[in-house]
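Student: Attaching a predicted model along with its sequence, questions to come.
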Amino acid sequence: MLSRMVAATRPKTNVSIEIIRDGKEKSLQVQIGTMPQSQEALSPEKASVWGLTVQEITPDLARHLNLNPDEEGVVISGVKPGSPAAEAGLRPGDIIKEVDRREIKDLGDYNRAIQQSTKSGGVLLLIKRGEGTLFVVLKQAEK
């Protein structure tokens with residue numbers, strides 16, 4: 001739902017959003033941006049295999065999520081209910097640090113790694129959640 005609202009808003013528009021962080025409501029001002037042309041887009045078919053929506057960690061996003069400004073990886077922005085990602089317990093705000101033991105620094109790394117991993121029927125992710133990390137295995141649903 002959030003991704004659709006962002007897509008329907010003009011770039012460079014300032015918007016106010018409300019989030020819940022540590023059980024407390026917070027109001028944030030954000031500016032809608034555009035995806036850099038150099039980033040590779042993951043096809044909808046590949047994204048739907050795992051049920052994940054991810055985005056680049058920008059300096060603004062790092063600040064709003066209370067991350068180190070130099071944090072590398074991609075942040076999960078959406079998880080489709082009933083998907084392999086949902087079944088594995090992934091949630092928005094988790095940071096993907098590795099895909100099949102390949103380090104993920106940005107969206108380009110993620111897209112390349114995830115496309116290669118879909119050939120095997122499963123994928124191993126290293127996830128950073130809060131101060132800890134965990135490995136999660138996603139398996140494609142039986143057809």
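Tutor: Thanks, I have it. Numbering: from 1, shown residues only.
Student: the bottom helix or strand of the chain by mean pLDDT?
Tutor: Counting by mean pLDDT, DSSP states H and E, the chain has its least confident helix or strand at helix 44-50, which shows a mean of 56.
Student: what packs against the next helix-or-strand element following that helix?
Tutor: Per DSSP states H and E, helix 44-50 leads on to strand 52-56 as the next helix or strand towards the C-terminus. Secondary-structure packing of strand 52-56 (3 or more Cβ pairs under 8 Å, 6 or more residues apart in numbering; DSSP states H and E): strand 74-79, helix 107-117. The C-beta positions use only the backbone N, C-alpha and C, and glycine is treated the same way.
Student: and those, which one's lowest on average pLDDT?
Tutor: The minimum mean pLDDT among these belongs to helix 107-117 (a mean of 86).
Student: Which of the helices and strands packed on strand 52-56 sits closest to Ile19?
Tutor: Ile19 lies closest, by Cβ to Cβ, to one member of the helices and strands packed on strand 52-56: strand 74-79, at 12.5 Å.
Student: tell me which strands and helices the closest one is in contact with?
Tutor: Here strand 74-79 touches helix 2-7, strand 52-56, helix 84-87, strand 95-99, going by 3+ Cβ pairs under 8 Å, 6+ apart.
Student: hmm, try it at 10 Å
Tutor: helix 2-7, strand 52-56, helix 59-64, helix 84-87, strand 95-99, helix 107-117, strand 122-129 (3 or more Cβ pairs under 10 Å, 6 or more residues apart in numbering; DSSP states H and E).
Student: Paired strands for it, with orientation please.
Tutor: Partner strands and pairing direction for strand 74-79 (DSSP bridges) are strand 52-56 (antiparallel), strand 95-99 (antiparallel).
Student: which stretch in those strands is the model least sure about?
Tutor: Looking at the strands paired with strand 74-79, the weakest mean confidence is strand 52-56, a mean of 90.
Student: contact partners of that one?
Tutor: With contact meaning Cβ atoms under 10 Å, 6 or more residues apart in numbering, strand 52-56 is reached by 2-3, 6, 33, 35-36, 39, 42, 47, 61, 73-80, 83-86, 88, 90, 92, 94-96, 104, 106-108, 110-111, 114, 123, 125, 138.
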